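A.B. asks: quick one: sequence and predicted model below, then my questions.
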Amino acid sequence: MMSRPRRILILGSTGSIGVQALSVIGQSEELELVGLSARSSWETLVEQARAFGVERVALSDAQAAEPAAAAWPDGEVLAGSEGVAELIVESGADLVLNAIVGSAGLGPTIATLGEGIDLALANKESLVAGGELVTALAQATGAQIIPVDSEHAALHQLIAAERATAGPGTIERLTITASGGPFRGMSSQQLQSVSIADALAHPTWEMGGKITIDSSTLMNKGLELIEAHHLFDVPYDRIDVVVHPQSIVHGCVALCDGAVLAHLGHPDMRVPIAYALHHPERVELPVVRLDLAAIGSLTFEPVDLETFPCLGLARAAAAAGGTAPCILNAANEVAVHAFLAGRIAFTAIAEVIEATLATIEARPLAEFEALFAADREAREVARAALDQVRPVPDRG
Ligand code: MG
């Protein structure tokens, strides 16, 4: 039992992960919410602050802070990315949940770890782009990074148990599973005419728009591959991705004696969220219990790398290292945004990323400023590439 509640700050509280985290906190006596942030959804943010008795929030979109402050005279509203940083640094939080979407989460990740505050990380992009600089910062300040991504939460649990009892060198390989997304089994030809609604219809997980598109291109697995490498310090050639349409097995750890440990459960993000918020404690959760006999069969198949080139692009960027994963991530964000805006075809997402990676030379990573510069340059190049790729097909 903890002597006092753990103080939690949620960044990106109006998104899918943020809302589910609030439901976990609302059901726990051991967690206390001390602050919230969002990009621009100020009405929801103020509503959440009132419901949880929070006195301070931040809106990274400074224009949204004005109406929020006017509507909520009892509380304090900080504005802009400086406001988000101030919220983190002055929060007195024991743990920050970073549930921001995209590389906009990198600055808040750095601010959190720089203060030595433990980080529950749902923003995989900040680890993809920030790589070894982010993990080195955590090591320097002694802050822990606890993954909220379901596959990585699974691996975190399996690896923690193994490393606690066995010597070094016992872990041979990691496996992360992929549902395969809504387009599993399709040909490249068929993919050329899929719609935004088709891509947003994920078969097993309910998630926000950006990650759902990333799941449909398999870029999500590419980002997760890089995330796993940095979190667990395992080389890329020893991390496998396998398609598992039921999304019941989330991750596996293969050991030197041939044993393989797997983590199973129904796809429900409240499980990894609660794990990260309560770590290292466990709490009871009202989620559906696993009934293997009722499920009947679990199936696995290799990834179709030819039809879904994004995973290969991510592996190549990971191998190149330096700023390459940051460039990959920025180009992907621009391309996904353009696809969701109806500007480019689904298959053009990979084309934009490939063109951006081919245009910009990756540089070694020495400091965070180089990352922000690489992110800016990649966005410019990717935006220019949007005009060179396949437009949205004519649906007549
Ligand atoms: Mg995941």
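C.D. replies: Noted; the coordinates are in hand.
A.B. asks: span of stretch 342-354 from start to end?
C.D. replies: 20 Å (Cα to Cα, to the nearest Å).
A.B. asks: stretch 143-157 now?
C.D. replies: 18 Å.
A.B. asks: which residue ranges of the stretch 151-300 of the chain form strands?
C.D. replies: 171-178, 239-243, 249-255, 260-264 (DSSP state E, counting those that start in this stretch).
A.B. asks: show me what from the stretch 151-300 of the chain comes close to the ion.
C.D. replies: Glu151 (Cβ under 5 Å from the ion). Glycine gets a C-beta too; all of them are placed from N, C-alpha and C.
A.B. asks: which one of the residues in the stretch 151-300 of the chain is closest to the ion?
C.D. replies: Closest residue of the stretch 151-300 of the chain to the ion, Cβ to the ion: Glu151 (4.8 Å).
A.B. asks: okay, and the beta partners of the spatially closest residue to that residue that is not a sequence neighbour?
C.D. replies: Of all residues not flanking Glu151 in the chain, Ile176 sits nearest, at 4.2 Å (Cβ to Cβ, 6 or more residues apart in numbering). Assessed by DSSP bridges, Ile176 has beta-bridge partners Val241, Gly251.
A.B. asks: and the strands of the stretch 151-300 of the chain as JSON lines, adding distance to Asn98 and mean pLDDT?
C.D. replies: Shown next, in JSON lines, are the strands of the stretch 151-300 of the chain (distance: least, Cβ to Cβ, whole Å; pLDDT from 0 to 100):
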{"stretch": "strand 171-178", "distance to Asn98": "20", "mean pLDDT": "97"}
{"stretch": "strand 239-243", "distance to Asn98": "23", "mean pLDDT": "98"}
{"stretch": "strand 249-255", "distance to Asn98": "20", "mean pLDDT": "97"}
{"stretch": "strand 260-264", "distance to Asn98": "22", "mean pLDDT": "98"}
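A.B. asks: okay if I get those strands as a markdown table plus distance to Ala136 and mean neighbour count?
C.D. replies: Shown next, in a markdown table, are the strands of the stretch 151-300 of the chain (distance: least, Cβ to Cβ, whole Å; neighbours: other Cβ atoms under 10 Å):
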| stretch | distance to Ala136 | mean neighbour count |
| --- | --- | --- |
| strand 171-178 | 21 | 22 |
| strand 239-243 | 20 | 19 |
| strand 249-255 | 24 | 21 |
| strand 260-264 | 28 | 16 |
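A.B. asks: where does this protein have low pLDDT?
C.D. replies: Along the chain, segments meeting pLDDT under 70 span 1-2, 394-396.
A.B. asks: show me the contacts for Trp8.
C.D. replies: One correction, residue 8 is Ile, not Trp. Going by Cβ atoms under 8 Å, 6 or more residues apart in numbering, Ile8 touches 25, 31-34, 93-97, 277.
A.B. asks: distance-wise, check Arg383 relative to Ser81.
C.D. replies: Per Cβ to Cβ, to the nearest Å, Arg383 is found 21 Å from Ser81.
A.B. asks: measure the nearest residue to Ser188 once chain neighbours are set aside to Leu340 for me?
C.D. replies: In space, and not counting its chain neighbours, Ser188 is closest to Thr307: 5.1 Å by Cβ to Cβ, 6+ apart. Going from Thr307 to Leu340 by Cβ to Cβ gives 21 Å.
A.B. asks: re earlier: would you confirm that the residue nearest to Glu151 contacts Ile239?
C.D. replies: Yes - counting by Cβ atoms under 8 Å, Ile239 is a contact partner of Ile176 at 7.1 Å.
A.B. asks: mind checking what helix or strand follows the helix or strand hosting Val96 in sequence?
C.D. replies: Element membership of Val96, judged by DSSP states H and E, is strand 95-98. Going down the chain from strand 95-98, the next helix or strand is helix 106-114, by DSSP H and E.
A.B. asks: for that next one, the distance to its chain's centre please.
C.D. replies: In terms of Cα atoms, centre = their mean, to the nearest Å, the centre of helix 106-114 is found 15 Å from the chain centre.
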